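Student: Structure, please.
(chains A, B and C)
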Amino acid sequence: MEVGGRVCDPKSEEETTMMDLRRGPWTVEEDLTLVNYIDKHGEGRWNSLARCAGLKRTGKSCRLRWLNYLRPDVRRGNITLEEQLLILELHSRWGNQWSKIAQHLPGRTDNEIKNYWRTRVQKHAKQLKCDVNSKQFKDTMRYLWMPRLVERIQAAAAAANTSTAQMSPPTAAADNLSAAASSSDSFAAQVSPASDLTDYYKLSEFNSQWFDGGDTTDNLWNSEDIWCLQQQFNM
DNA sequence: AATTATGACAACCGCTTTTTC
DNA sequence: TGAAAAAGCGGTTGTCATAAT
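Tutor: All right, here's what the predicted structure looks like:
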């Protein structure tokens, strides 16, 4: 039997299904086996790949491990400010279409973005005691969080420019992000008529006093920010 | 120092869509 | 053209590290 260029013994397929499949975290040996096999034979046809490579894993599990962790172009490490802004913008347009969003963040996986959203963004919604899908929270993102991200990205770029002898212009990506944050076809224009935004602009003004430049990598709100927003939401 | 709570991320599950035969 | 298999996707859960008590 030949599957996707791979030759497998049909008996081994049956035997494999009879065997207990491994689950849970992958071992270094399993990772090496998978990487080496894909290096030699390419990816795809995951069920037969798992069998032929001798991995006691489902094809699904192999595919996920490869796509989310072992692929050479997977980018690891903290989500940057630019990436955060892009995620917020794209999510406001497309909702939970993680794979679609991931396509616009090279090296990031849908799983990683989904995890970011759940652990970071939804956490803020929870702190504000509002639903992550509520208009209030979306507008807060749109008119407070995203502009603040843009400010921080621009500030970081400016700082980098002044601190290096080799001046480089602001990145096109940063420009695009700024444009995205104010683009007319984006979420805000769709769901937030200007007449409804008075309160949020007030909120923005109100909170600007709290955005005093405290700088952390991924927390835009400190405890005081959260308190103030809560007061506003509870009005 | 031990225990508990929390956060981050990896992995699994169930369902839908696409591809193959 | 329809059935089966494979792939893809989003939601959920499990595991581990670290912070808090």
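
Student: Where does the record place the domain boundaries for chain A?
Tutor: Annotated domains of chain A cover A:2-70, A:81-233 [automatic domain parsing].

Student: if you skip the residues just before and after it, what's nearest to residue A:102?
Tutor: Nearest in space to residue A:102, with sequence neighbours left out and distances taken as C-beta to C-beta, 6 or more residues apart in numbering, is residue A:110 at 4.3 Å. Just so you know, the C-beta spots here come from the backbone N, C-alpha and C atoms, and that holds for glycine as well.

Student: While we're on the one you found, how confident is the model there?
Tutor: The model reports residue A:110 with a pLDDT of 87.

Student: Could I get the contacting residues of it?
Tutor: When contacts are counted by C-beta atoms under 8 Å, 6 or more residues apart in numbering, residue A:110 touches A:98, A:99, A:101, A:102.

Student: now do 7 Å
Tutor: Listed by C-beta atoms under 7 Å, 6 or more residues apart in numbering, the contact set of residue A:110 reads A:98, A:99, A:102.

Student: what does chain A put close to DNA strand B?
Tutor: A:22-26, A:57-58, A:60-61, A:64-65, A:68-69, A:76, A:78, A:111-112, A:114-116, A:118-120, A:123, A:218 (C-beta under 7 Å from any atom of the strand).

Student: Could you check stretch A:30-49 and say which residues are buried?
Tutor: A:30, A:33-35, A:37-38, A:41, A:43, A:45-49 (16 or more other C-beta atoms under 10 Å).

Student: Can you tell me which of these is nearest residue A:88?
Tutor: Within those, the smallest distance to residue A:88 is 31.4 Å, found for residue A:43 (C-beta to C-beta).

Student: Please report the distance of the closest one from residue A:60.
Tutor: To residue A:60, residue A:43 is 13 Å away according to C-beta to C-beta, to the nearest Å.

Student: same thing with residue A:161?
Tutor: The gap separating residue A:161 from residue A:60 is 47 Å, by C-beta to C-beta.

Student: Could you do residue A:88 as well?
Tutor: Distance from residue A:88 to residue A:60, counting by C-beta to C-beta: 30 Å.
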